[in-house]
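Visitor: My questions are about this predicted structure, shown below with the sequence.
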2 protein chains.
Amino acid sequence: MFSFSEENYLKAIFHLERKYQAGVSTNALAEEMDTKASSVTDMIKKLSEKELVIYKKYQGVKLSELGKKTAIEVIRKHRLWEYFLVEKLNFNWDEVHDIAEQLEHIKSEKLTQELDKFLGFPKRDPHGDPIPDAEGNFSVANKMLLSELGKAEKGICVGVKDSSSEFLRFLDKNNISLGKEIKVLEKESFDGSMLILIEERELRISQLISNNLYIKIQ
Amino acid sequence: MFSFSEENYLKAIFHLERKYQAGVSTNALAEEMDTKASSVTDMIKKLSEKELVIYKKYQGVKLSELGKKTAIEVIRKHRLWEYFLVEKLNFNWDEVHDIAEQLEHIKSEKLTQELDKFLGFPKRDPHGDPIPDAEGNFSVANKMLLSELGKAEKGICVGVKDSSSEFLRFLDKNNISLGKEIKVLEKESFDGSMLILIEERELRISQLISNNLYIKIQ
DNA sequence: AAATAAATTTAGATAAGTCTAAAAATAGGT
DNA sequence: ACCTATTTTTAGACTTATCTAAATTTATTT
């Protein structure tokens, strides 16, 4: 079994690989993990010895098949627990991340399977992210950022890029939640803000907001 | 916040204090924690600095009020999670201990409270042990060991002293479970075994068994 | 009360994960 | 191609929790 720290590194590498297919740099990992580059190098060596990552000095890291499988298992647990907290224990979607960061490291395959079953095999967590199934498969939705929409186009809100409490509470306050339709009424080119229509209300949002909201078109 | 290891020591001291009111010895703790006496001394010093225990060299330890409160919180979480695993996730009572050992260290007061509410504020875990409430109060049942009963006496099974898988599975196999009435038909003085009546079946059990089964009389 | 046994503590070592500071390698600009 | 800036790695140190082996304290026995 792997330590909490090892699992967290694997998860971080997994997420960064989407952006850096050629290999995740030490500095990128250090920023993601909120630690120093030298610590990252140390851990990468350890993960490499355990054959969880493929690593050549100065060339960045990639996950091995085992590393990827392990990372996906951790992500599966994280998202199942988030779903549990919101659907069964009345948590708001902005409160669950830190607790799920702890729960994702609990080691018991049976627990994960039974939790999944108990929850009715949910497909997405409260932030719209897909939950991997027991085999590690999960849909990579054809989502796009709201900011990519043009004037008069519309989409369904399906997820958030930033899942910080601050952002999620902003969305709550403005009644923006997953599943709602958003139509772009106007786009202001000089600051990137847009006027949107959501549930018959008009709302002006900054580019920072539209850049962190995923939508699905059609 | 305290480390997993610190919490485990506090829990162990709490349990041992029932037996050693004068103070828990280093060796007793070492055995309970399955570690070396020197490691125990190291940890006790640390707990003492943090004012979680009262410690004088060579005199054993006792929990401080803070230490006791912390230990009870961990035990509360352990037992709530055990109840959750059995009642919601279809675990058998012999499978839950190791997973609860992990879950008991999750830090979130809200999680504990909401879990308690979700489960309907259960009073006892699957092994019959009382679950402390949010204020740390819990009933210390007036239970006794089955082995203390005399011939022709009877009681209701309310808990187990040993909660190892092996013992619990033995009980399952022989259809002994919490809430059932047990009557002593015969006691064999030379080996301490007894013949009991449970659900109209007669069963001979060794002293090891009757020494690990709690019953309530009347 | 002295001698021995048992329990406990101390001293020093180890492993995991992190850090700072310095060295080495790579990348970029001219 | 060279010089500089950036990135990455190495070296050495620190903390937590553990260990072994030795020293010390307490308890027991005669």
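Guide: Sure thing, it's come through.

Visitor: okay, CA-based contacts and neighbour counts for the rest of this
Guide: Fine.

Visitor: how about the residue nearest the centre of chain A, what does it touch?
Guide: What sits nearest the mean C-alpha location of chain A, by Cα atoms, centre = their mean, is A:Asp129, with 6.0 Å. Residues in contact with A:Asp129 (Cα atoms under 8 Å, 6 or more residues apart in numbering or on different chains) are A:79, A:159.

Visitor: phi, psi of it?
Guide: phi -80, psi 140 (degrees, to the nearest 10).

Visitor: Kindly report the same for A:Phe190.
Guide: phi -70, psi -30.

Visitor: roughly how far apart are it and A:Leu208?
Guide: According to Cα to Cα, to the nearest Å, A:Phe190 and A:Leu208 sit 14 Å apart.

Visitor: which one of these two has more residues nearby?
Guide: The neighbour comparison of A:Phe190 against A:Leu208 (other Cα atoms under 10 Å in any protein chain shown) goes to A:Leu208, with 12 against 6.

Visitor: can you list the residues of chain A near DNA strand C?
Guide: Proximity of chain A to DNA strand C (Cα under 7 Å from any atom of the strand) is limited to residues A:3-6, A:35-40, A:42-43, A:46, A:58.

Visitor: what residues does the host helix or strand of A:Glu202 touch?
Guide: For A:Glu202, the host element (DSSP states H and E) is strand A:201-205. With contact meaning Cα under 8 Å, 6+ apart, strand A:201-205 is reached by A:193-197.

Visitor: repeat for stretch A:180-199
Guide: A:149-157, A:176, A:202-207, A:210.

Visitor: In strands only, show me the residues you listed.
Guide: The strands, defined by DSSP state E, take in A:154-157, A:202-205 from the contacts of stretch A:180-199.

Visitor: Going along the chain, name the helices of chain A.
Guide: Taking DSSP state H to define them, one finds helices in chain A at A:4-17, A:26-33, A:37-49, A:65-87, A:97-103, A:109-118, A:165-173, A:207-210.

Visitor: Buried residues, the shortest one. List them.
Guide: By 16 or more other Cα atoms under 10 Å in any protein chain shown, the buried positions in helix A:207-210 come out as A:207, A:209-210.

Visitor: Just the CA atoms of that helix, as CSV, please.
Guide: The C-alpha coordinates for helix A:207-210 follow below in CSV (Å, rounded to 0.1, in the frame of the first residue of the first chain):
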residue,chain,number,x,y,z
GLN,A,207,-14.1,36.6,-17.2
LEU,A,208,-12.7,35.0,-14.1
ILE,A,209,-16.1,33.4,-13.5
SER,A,210,-16.8,32.3,-17.1
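
Visitor: tell me the mean pLDDT for that helix?
Guide: Helix A:207-210 carries an average pLDDT of 94.

Visitor: roughly how far apart are A:Glu65 and A:Glu49?
Guide: Relative to A:Glu49, and taking Cα to Cα, A:Glu65 is found at 14 Å.

Visitor: confidence score at A:Leu63?
Guide: 97.

Visitor: Give the closest residue to it in space, chain neighbours not counted.
Guide: Counting by Cα to Cα, 6 or more residues apart in numbering or on different chains, A:Leu63 lies nearest to A:Val53, which is 4.3 Å off, once chain neighbours are set aside.

Visitor: Just confirm the one you found contacts A:Thr70, I think it does.
Guide: No. Look at A:Val53 against A:Thr70 with Cα atoms under 8 Å: they stay out of range, at 10.9 Å.

Visitor: A:Ser163 versus A:Glu199, what's the distance?
Guide: For A:Glu199 relative to A:Ser163 (Cα to Cα), the value is 23 Å.

Visitor: Sorry, wrong one. I was asking about A:Glu73.
Guide: 20 Å.

Visitor: the more surrounded of the two?
Guide: Neighbour count, other Cα under 10 Å: between A:Glu73 and A:Ser163, A:Glu73 has more, with 23 against 18.

Visitor: Tell me the pLDDT of the more buried one.
Guide: Here, the pLDDT recorded for A:Glu73 equals 98.

Visitor: how about the nearest residue to it, chain neighbours excluded?
Guide: Once flanking residues are discounted, A:Glu73 sits nearest to A:Gly136: 6.8 Å by Cα to Cα, 6+ apart.

Visitor: repeat for A:Ser147
Guide: A:Ser210 (4.7 Å).

Visitor: now do A:Gly155
Guide: A:Ile217 (4.4 Å).

Visitor: So what's the residue count around the nearest residue to A:Arg124 once chain neighbours are set aside?
Guide: In this structure, A:Arg124 finds its nearest non-sequential neighbour in A:Pro130, 4.3 Å apart by Cα to Cα, 6+ apart. The local packing of A:Pro130 (other Cα under 10 Å) involves 21 other residues.

Visitor: for A:Ser177, same thing?
Guide: 20.

Visitor: Next: A:His78.
Guide: 25.

Visitor: and if you look at A:Glu199?
Guide: By the other Cα under 10 Å criterion, the neighbourhood of A:Glu199 contains 12 residues.

Visitor: of all the residues in chain A, which ones are close to DNA strand D?
Guide: A:25-28, A:37-42, A:56-60.

Visitor: now these: which count as buried?
Guide: Of those, these count as buried by 16+ other Cα under 10 Å: A:25-28, A:37, A:40-41, A:60.
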